[in-house]
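Peer 1: build me a model from this:
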Amino acid sequence: MKARAARLYGANDIRVEDFELPEISDKEILIKVVSNSICMSTYKAAILGKDHKRVPETISEKPIITGHEFAGEIVEIGDMWKEKYDVGEKVTIQPALYYQGTPHAPGYSYEFCGGNTTYCIIPWEFIEFGCLLKYDGESYSNASLAEPMSCIIGAYHANYHMEAYTYQHLMGIKEGGNLALLAAAGPMGLGAIDYIIHSDRRPGRVVVVDINEERLATAKKVLTVEEAAKNGVELAYINSNELDDPVAYLMDLTEGTGFDDAYVYAPVKSVIALADDILGKDGCLNFFAGPTDSKFKAEFNFYNVHYIGTHVIGTTGGSTNDMRESLNLTAKDVINPAVMITHVGGLEVVPETVLNLPKIPGGKKLIYPHIEMPLIDIRDFSDLAAEDARYKELESILDKSNRIWSLEAEKFVLENFGR
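Peer 2: Take a look at the predicted model:
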């Protein structure tokens with residue numbers, strides 16, 4: 001069948017084109033992709049091309065479909081899976097399979113499987129190992145965001161603490177403790193705030209630190225102090241640029257005991273130093289941000305490591321169970337991953353968006369492969385609304401949700417911007 005996709009041919013070479021999908025085998029499943037959110041990892045793969053560890057050497061002859069944060073509906077099922085799945089079911093994929101030790105993944109490695117496409121074929125190994133996940137919610141966009149949310153959830157599960165001389169790691173953040181989210185008013189930080197103030201395992205205090213006042217203002221509006229308080233969490237937003245001594249100020253918030261958990265959401269040495277300086281006894285620093293520099297280093301206070309048991313870990317990606325948790329909480333409206341979305345567009349904008357991703361301000365960029373739409377900033381597209389009644393109606397819909405992407409907005413663009 002015919003499909004249209006944004007395919008990677010080499011470094012900085014993404015082309016949107018029609019191509020022929022082969023017939024599926026008995027071991028495969030064909031899905032219609034409805035949404036895909038663009039990840040910074042896709043940018044890294046696009047600028048490196050075959051030099052990226054997950055991208056095959058053969059992409060100039062066999063291009064791969066970009067994008068791995070996608071959701072859609074099942075169109076056709078191979079005989080092997082007809083008792084497990086149904087046509088029309090909503091699904092998303094856990095791309096981090098590492099099948100047989102290889103790093104191959106949708107959006108990086110497969111000729112016929114990725115998110116920036118109208119249709120794709122799910123390889124049998126992802127189905128066999130439980131990585132094609134059913135979704136009971138309504139919003140495809142939120143299902144697309146289950147993968148980045150799983151990274152956030154996995155990071156919270158990965159932190160650990162240890163009671164003195166027990167030599168056993170107690171997994172997860174310190175319940176009822178002090179939690180710092182540093183450089184965390186961006187899209188992933190918003191997801192992190194949303195999850196932790198609604199989680200079953202919550203800290204007593206969450207302090208979100210950033211230097212961008214516009215991002216902090218957005219975070220305060222969509223994830224309010226009042227909402228956190230309803231769940232027993234004291235939430236504070238801090239612009240560290242406005243403080244003479246950020247370490248002293250943050251330590252004072254904890255009555256001098258320091259933070260039990262500190263997450264670093266930007267690969268910046270000064271942010272790591274701040275996290276290290278505010279850790280309390282048995283404090284766990286989670287280096288969440290992925291640096292592009294393979295030789296990136298930062299100082300860590302080993303006096304505190306020895307005498308008060310501070311420690312550091314790093315997490316990347318999330319497990320299939322983390323992704324299931326995200327999908328379950330989203331379907332139940334406990335969390336709303338859409339707080340991360342700031343831009344929406346159709347398939348044709350993928351090359352320009354991916355290759356310029358670090359230069360485009362805001363949060364997550366969401367692609368609907370079956371619509372025709374420029375990449376719009378959902379916070380302000382008044383120029384388009386003045387010329388096109390469809391955008392004016394979309395503005396009205398988003399105003400009702402405080403400019404957070406919504407199911408109503410999704411349904412509207414799918415019905416009114418079709419290719």
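Peer 1: give me phi/psi at the residue of the chain most remote from its centre?
Peer 2: When each C-alpha in the chain is compared with the mean C-alpha position (C-alpha atoms, centre = their mean), residue 165 comes out farthest, at 37.2 Å. The phi and psi values for residue 165, taken as degrees, to the nearest 10, are phi 70, psi 10.
Peer 1: how near is it to residue 33?
Peer 2: Between residue 165 and residue 33 the distance, using C-beta to C-beta, to the nearest Å, works out to 53 Å. All C-beta spots, glycine's among them, are computed from the backbone N, C-alpha and C.
Peer 1: same deal with residue 369?
Peer 2: 5 Å.
Peer 1: could you do residue 117 as well?
Peer 2: 6 Å.
Peer 1: so what's in contact with the two at the same time?
Peer 2: With contacts taken as C-beta atoms under 8 Å, 6 or more residues apart in numbering, residue 117 and residue 33 have residue 369 as neighbours in common.
Peer 1: quick one: which of the two has more around it?
Peer 2: Taking residue 117 and residue 33 together and counting by other C-beta atoms under 10 Å, residue 117 has the greater number of neighbours (31 against 28).
Peer 1: one step back: quick check: neighbours shared by residue 369 and residue 33?
Peer 2: Counting by C-beta under 8 Å, 6+ apart, the residues touching both residue 369 and residue 33 are 116, 117, 118.
Peer 1: a markdown table please, covering those residues and showing distance to residue 83, pLDDT and secondary structure.
Peer 2: Supplementary listing: the shared contacts of residue 369 and residue 33 in a markdown table, determined by distance: C-beta to C-beta, whole Å; pLDDT from 0 to 100; DSSP: H, G, I helix; E, B strand; the rest coil:
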| residue | distance to residue 83 | pLDDT | secondary structure |
| --- | --- | --- | --- |
| 116 | 31 | 98 | coil |
| 117 | 27 | 98 | strand |
| 118 | 27 | 98 | coil |
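Peer 1: of those residues, just say which sits nearest to residue 357.
Peer 2: residue 116 (12.9 Å; C-beta to C-beta).
Peer 1: I'd guessed the closest one sits against residue 370; true?
Peer 2: No. The pair residue 116 and residue 370 does not pass the contact test of C-beta atoms under 8 Å, sitting 11.7 Å apart.
Peer 1: anything in contact with each of these two?
Peer 2: Shared contacts of residue 116 and residue 370, defined by C-beta under 8 Å, 6+ apart, are found at residue 347.
Peer 1: wait, what's in contact with residue 367?
Peer 2: By C-beta under 8 Å, 6+ apart, the contact list for residue 367 reads 35-38, 67, 115-116, 344-347, 349-350, 353.
Peer 1: which residues touch residue 272?
Peer 2: The neighbours of residue 272, taking C-beta under 8 Å, 6+ apart as the test, are 264, 285, 287, 298, 299, 300.
Peer 1: I'd assumed it was in a helix, is it?
Peer 2: Yes. Going by DSSP: H, G, I helix; E, B strand; the rest coil, the assignment for residue 272 places it inside a helix.
Peer 1: mind checking how far it is from residue 207?
Peer 2: The value you get for residue 272 to residue 207, if C-beta to C-beta is used, is 16 Å.
Peer 1: cool, and residue 218?
Peer 2: 17 Å.
Peer 1: ok, residue 166 next?
Peer 2: For residue 166, the distance to residue 207 - C-beta to C-beta - is 28 Å.
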